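Asker: Here is my input, please return the structure:
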Amino acid sequence: MLIGIDVGGTHTDGVCIRDGRVEAMAKVPTDHDNLLATISEVLRLILRDCKGAEIRTLNLSTTLSTNSIVTGRTEKVGMFVIPGPGINPQSYALGTQYHVLSGCVDHRGAVSAKARPEYMKPMAARCREEGIRVYGVVGKFCTRNPEQEMAIAEALAPQADFVTQGHRVSESLNFGRRVSTVYYNAAVWRTFNTFADALEQSLKDLNIQADINIVKADGGTMPLKLAREIPVQSIFSGPAASVMGILSTAPQTEDALILDIGGTTTDMAVLLDGIPLLERDGISIGEHPTLVRALKVESIGIGGDSFISSRGGQLSVGPDRHGPCMAAGGPAPALMDAMNVLGHAAFGDRERSAKGIKEVAMAQGLSARECAEQAVHMAMSVLKRKVDAFLSAVNSRPVYTIQEILEDRTVKPKRILVIGGPAEAMVPLLEETFGLPVIAPRHAEVANAIGACLTRPTQSLVLTVDTSRGSFTVPGLGIHKPIKRTYTLDEAVHDATTMLRAELDRQGIPAEEGDIQVIQADAFNMVEGHYTIGRNIRVRCQMRPGVITTLEP
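Answerer: Got it, this is the predicted structure:
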């Protein structure tokens, strides 16, 4: 048995799946002040129909790291950066303790100036005075040679509970993005690990002995042990679970638009020939771009609980949410109440819906039905406008899917796939608005949890070699060693795929034949004077993204 749990902004959903069939479902309100209690309640409901001893894996998408950052409930971080020439490191400053060190590693990984740990003692002392216990260390071109980062991290270890090192958070180059990624990883480390401790204890108390995985922003999962080290990878995991939920419940072979309509927001995503799109460089947290790989998803402030009001004589819908809709016992009328009034939905207490819409209608000088019609039309118009802008932005640049880059491909959705609590009721409205067929798959109301449950682990690895220097580096695994000057690209591809398979085995992630794909394999001659002095080799491979199975029809 497999369990998937999706912690959403309004509700937390859970499913138990065996052999492609949903055995149990649960939906409870999300308590953002006590996510563990919310998850425990979902598990207790699921265990009414499923035996805890038979559960093999639990996959969780959680808003914890995202909420910590958005609400400012993050820990102070001591940042130590080794920038090298050509950039102004202060442009990327984050936090009150941001320290620039000397030292330099060039683009080939050669140390041209040493970063001396003894020079950082006054800076480290200031961090101690502020009570800082988590740190980030970032060096330019650290993925080519991480030795300076490792030396600074070792010097900080006596006063640190945790040190995030830049070469461990991503294999991609980009100094500014790496600074932000390292900072946020350290900032949420303690919050995430405290939650992880409690989660493991909760499963133990419920007699569930299962492997725990966390959904990542790129639509894959990572073992909890790895998530403890790189919790920043769990931000925006909810929208990723939406996309994987569609792949699990309604797989496609053509272009399609995905709408996940929740209580507060609607998440938009697209499939190109049935394959999800990927953010090319990484997602941004506020104004700070990061190296966190993520599926391309955008949110709209319209959902089933979007507040309907009369402001200055004008009707408005969303983006505010004043609790659940009135039909669900909430204090104020919302979009779902208007849909009840029009007969598009038959949710909860429809008399309360009618009462709430009538109060707004009176302020507008309209009948309840006219008010509801205007509110629903307004919500659909916002959705249409935002979707059109989203698709226009997607098609304004090269398209990147989770498997390849497609330079000259335009996304043209042939249908809309809608999931979330209001999905079924929204189908006819969306068909009328967009002029496309709209499908709400079976179990649409818990599709996110299904996506979390069935998504497969993803892991990538980058290997770089400079034969002129005899250097071999795999930053994600912390490997930096000498190599023979006759080393070839074929050897690099073999070593990269072998090491990735070994790392997957170490993490307990099964990989079948063909699951590991090479997505980059390049070798360039390096010339000095009139002579070739060596080759620069770069290989990137990954566990093929996707779902482990789809639901039975």
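Asker: just the strands in the stretch 101-250 of the chain please.
Answerer: Here the stretch 101-250 of the chain has its strands, by DSSP state E, counting those that start in this stretch, at 104-105, 111-113, 134-139, 162-165, 211-215, 221-223.
Asker: Out of these, which one sits most buried?
Answerer: strand 134-139 (a mean of 29; mean count of other C-beta atoms under 10 Å). Heads up, the C-betas are built off the backbone N, CA and C, glycines and all.
Asker: so who does the closest residue to G139 other than its chain neighbours touch?
Answerer: Using C-beta to C-beta, 6 or more residues apart in numbering and skipping residues adjacent in sequence, the residue nearest G139 is I82, 3.9 Å away. Listed by C-beta atoms under 8 Å, 6 or more residues apart in numbering, the contact set of I82 reads 101-105, 115, 137-140, 142, 148-149, 152.
Asker: now, which of these sits nearest P319?
Answerer: Nearest to P319 among these: V138, at 35.5 Å, using C-beta to C-beta.
Asker: Does that closest one touch F175 like I think?
Answerer: Yes - at 7.3 Å, V138 counts as touching F175 under the criterion of C-beta atoms under 8 Å.
Asker: pLDDT score for the residue nearest to G139?
Answerer: At I82, the predicted lDDT confidence score is 91.
Asker: try R280
Answerer: So R280 comes in at 74 (pLDDT).
Asker: In three-state terms, label it for me.
Answerer: coil (DSSP: H, G, I helix; E, B strand; the rest coil).
Asker: so how far is S468 from it?
Answerer: Here R280 is placed at a distance of 30 Å from S468 (C-beta to C-beta, to the nearest Å).
Asker: now swap in E279 and tell me
Answerer: Distance from E279 to S468, by C-beta to C-beta: 34 Å.
Asker: Repeat that for E200.
Answerer: E200 is 48 Å from S468, by C-beta to C-beta.
Asker: Of the two, which one has the most company?
Answerer: S468 (17 against 13; other C-beta atoms under 10 Å).
Asker: Skipping adjacent residues, who's closest to the more buried one in space?
Answerer: S468 sits nearest to G534 (C-beta to C-beta, 6+ apart), 2.8 Å away.
Asker: Adjacent strands (with direction) for the strand or helix carrying that neighbour?
Answerer: In this assignment (DSSP states H and E), G534 forms part of strand 531-543. Each strand paired with strand 531-543, and its direction, by DSSP bridges: strand 460-466 (antiparallel), strand 516-528 (antiparallel).
Asker: and the ones you listed, which one is worst for confidence?
Answerer: strand 516-528 (a mean of 82).
Asker: what comes up buried for that strand?
Answerer: Within strand 516-528, the residues that count as buried by 16 or more other C-beta atoms under 10 Å are 516, 521, 523.
Asker: hey, which helix or strand in the protein has the poorest pLDDT?
Answerer: strand 405-406 (a mean of 61; mean pLDDT, DSSP states H and E).
Asker: what's downstream of it, the next helix or strand?
Answerer: Criterion used, DSSP H and E; the element after strand 405-406 is strand 415-419.
Asker: gap between that following strand and the chain center?
Answerer: 21 Å (C-alpha atoms, centre = their mean, to the nearest Å).
Asker: same check, this time on stretch 538-549
Answerer: So, by C-alpha atoms, centre = their mean, the centroid of stretch 538-549 is 16 Å from its chain's centroid.
Asker: Same check on stretch 72-84?
Answerer: 21 Å.
Asker: ditto for stretch 463-482
Answerer: 29 Å.
Asker: How about stretch 98-105?
Answerer: 30 Å.
Asker: who's in contact with it?
Answerer: Contacts of stretch 98-105 (C-beta under 8 Å, 6+ apart): 78-85, 89-90, 111-116, 119-120, 123, 139-142, 144-145, 148, 152.
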